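# Let's see this in three dimensions:
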Amino acid sequence: MYHQLSKVTGRVVAATHLQSPLFPVAPIALQRVEPPTIQYNTAQLSTVTEASSSGSGPRNLIPGTNTPYPPLSDAFRKRQQLFQREDDVPVHLKGGPLDSLLYRLTLGLCIVGLAGIFHTVYGHAFPKKQD
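Numbering: from 1, shown residues only. So this is what the prediction gives:
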């Protein structure tokens, strides 16, 4: 016998309209599926190049699309050369005086934060005596 909640009284009553049990459900065998084969770099999967409209040689396409990468501006290329130059200057300082200022500001804020942490730990370790 199966039971259900009555919508009128909210109590468990015998169910008359349920024909079959809900559980256990007979298991259904899964169909066997072959795993996909791994495709290594072939001519179909290699990077596709296409001649650019400016005639500067082949250009790579954005992966997964047929759209070529947009052309880079001259200002971007100059900035890229500046950052790639071997001149023993750390990369975070190659941008000029603004980068130096931001580096020093970040370093100062880190020191202030560490001082605050030590002050908090010291305050919790040695609380002030209450008279």
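# Run through the strands of the chain in chain order.
In the chain, the segments counted as strands under DSSP state E are 2-5, 12-15, 49-51, 58-60.
# among those strands, which gets the worst mean confidence?
When these are ranked by mean pLDDT, strand 49-51 comes last with a mean of 45.
# what's the weakest-modelled helix or strand in this protein?
Across the helices and strands of the chain, mean pLDDT, DSSP states H and E gives its lowest value to strand 49-51, namely a mean of 45.
# give me the low-pLDDT residue ranges for the protein?
Within the chain, the stretches with pLDDT under 70 are 1, 16-27, 41-59, 131.
# top helix in it by residue count?
Assignment by DSSP state H gives helix 97-125 as the longest helix of the chain.
# chain center to that helix: distance?
When C-alpha coordinates are averaged (Cα atoms, centre = their mean, to the nearest Å), helix 97-125 and its chain have centres 29 Å apart.
# cool, stretch 95-111 as well?
Average the C-alpha atoms of stretch 95-111, do the same for its chain, and the two points are 27 Å apart (Cα atoms, centre = their mean).
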